[in-house]
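K.L.:
need a 3D model of the following:
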Amino acid sequence: MDEIDLKLTSGEAREVREVLQRELDDMRVERRRTDAASYREQVKHRMDAIERVLHKLPPAA
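P.N.:
Numbering: from 1, shown residues only. All right, here's what the predicted structure looks like:
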């Protein structure tokens, strides 16, 4: 997978973190609501991708 060098202000990083965290929380709720294995796998893949990005961002203030 290719990498990019992303420079964000602290405010931008905070906004990105909040959006990704909210999306991740929504996905966790949605994953519990469905039993379709293919959908669960798709949600898990998206959640993993978001978590990888969140771990690279500075902690929320």
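K.L.:
tell me the mean pLDDT over whichever helix or strand L24 is part of?
P.N.:
When secondary structure is defined using DSSP states H and E, the element that contains L24 is helix 10-33. The average of the pLDDT scores along helix 10-33 is 87.
K.L.:
show me which residues of stretch 4-16 are buried.
P.N.:
By neighbour count, with 16 or more other Cβ atoms under 10 Å as the criterion, the buried positions of stretch 4-16 are A13, R14. No exception for glycine: its C-beta is placed from N, CA and C like everyone else's.
K.L.:
who's in contact with that stretch?
P.N.:
Outside of stretch 4-16, the residues within contact range by Cβ atoms under 8 Å, 6 or more residues apart in numbering are V53, L57, P58, A60, A61.
K.L.:
for the helix or strand just after the helix holding L24, packing partners?
P.N.:
Per DSSP H and E, the first helix or strand lying C-terminal to helix 10-33 is helix 37-56. With contacts defined as 3 or more Cβ pairs under 8 Å, 6 or more residues apart in numbering; DSSP states H and E, helix 37-56 has these neighbours: helix 10-33.
K.L.:
next one: stretch 30-44 to chain centre, how far?
P.N.:
Relative to its parent chain, stretch 30-44 has a centroid offset of 16 Å by Cα atoms, centre = their mean, to the nearest Å.
K.L.:
please apply the same query to stretch 20-27.
P.N.:
Between the mean C-alpha point of stretch 20-27 and the mean C-alpha point of its chain there is a distance of 6 Å (Cα atoms, centre = their mean).
K.L.:
same deal with stretch 36-50?
P.N.:
Computed by Cα atoms, centre = their mean, the separation of stretch 36-50 from the middle of its chain amounts to 11 Å.
K.L.:
in it, which residues are buried?
P.N.:
For stretch 36-50, a neighbour-count test (16+ other Cβ under 10 Å) marks V43, M47, I50 as buried.
K.L.:
quick one: pLDDT of the last one?
P.N.:
By that I understand I50. According to the model, I50 carries a pLDDT of 89.
K.L.:
what does the first one give?
P.N.:
Note on V43: pLDDT of 83.
K.L.:
got it, and the second one?
P.N.:
At M47, the pLDDT value in this model is 89.
K.L.:
wait, it sits on L24?
P.N.:
Yes: the pair M47 and L24 passes the contact test of Cβ atoms under 8 Å, sitting 5.9 Å apart.
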